[in-house]
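[1] with the input below, show me the fold.
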Amino acid sequence: MSQIMDVDRTTTRFNPQMNFQTVIENEYKEWLFHIYFFQKNADQVHAALQLREAVLRLRLDGAFVAVPHFRVNEGPVGPHPVGSYEVWVLNETFASTFSYLCQNRGDLSILIIPLSKDQYRDYSSRATWMGHPLPLDLSALPQKTLDNRLSL
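    Predicted structure coming up:
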């Protein structure tokens, strides 16, 4: 699978994909927003849960397709260093969800990743942040892609 942006590792130059068909075929279809909160800070826990409830309500009202996963992690889990929960988003409503979270996140940090076959790269080199970035434990992620290739 071609990447939207390939890195030439011998010269460390970027070689953006320029083939129209390849770009269209490799567009990410789904995204995750990881909303982080310091689990021992009652104000942050409250803010995070209020934001989750608002996203659920707005989803039911048809504002966007954004689905908070059922589970709220009350502490570090996997690569995530603090309490968190995920909001799954289709590409078609990414912009409206991003806009809403950008305007309503308060002081919460949000990690945004695409969903691809390469979870390690999604978290390490394809991720972006709203708010202050937090250190991730990338050793908790698989080093192989879903089709059993090594992440490079």
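[2] from here on, just use CA atoms for contacts and neighbour counts.
    OK.
[3] below-threshold pLDDT in this protein: ranges please.
    For the chain, residues meeting the criterion pLDDT under 70 lie at 1-12, 145-152.
[4] count of neighbours near Tyr100?
    When neighbours are counted by other Cα atoms under 10 Å, Tyr100 registers 15.
[5] any idea which element it lies in?
    For Tyr100, the host element (DSSP states H and E) is helix 94-104.
[6] same check on Ile35?
    Assigned by DSSP H and E, Ile35 belongs to strand 30-37.
[7] which elements pack onto the helix or strand just after that strand?
    Next helix or strand after strand 30-37 toward the C-terminus (DSSP H and E): helix 42-61. Helices and strands touching helix 42-61, by 3 or more Cα pairs under 8 Å, 6 or more residues apart in numbering; DSSP states H and E, are strand 30-37, strand 66-68.
[8] possible to save the ones you listed as a markdown table with mean neighbour count and distance to Leu141?
    Below are these laid out as a markdown table (neighbours: other Cα atoms under 10 Å; distance: least, Cα to Cα, whole Å):
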| stretch | mean neighbour count | distance to Leu141 |
| --- | --- | --- |
| strand 30-37 | 23 | 15 |
| strand 66-68 | 21 | 21 |
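[9] tabulate those (a markdown table), appending distance to Pro114.
    Formatted as a markdown table, these follow (distance: least, Cα to Cα, whole Å):
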| stretch | distance to Pro114 |
| --- | --- |
| strand 30-37 | 4 |
| strand 66-68 | 14 |
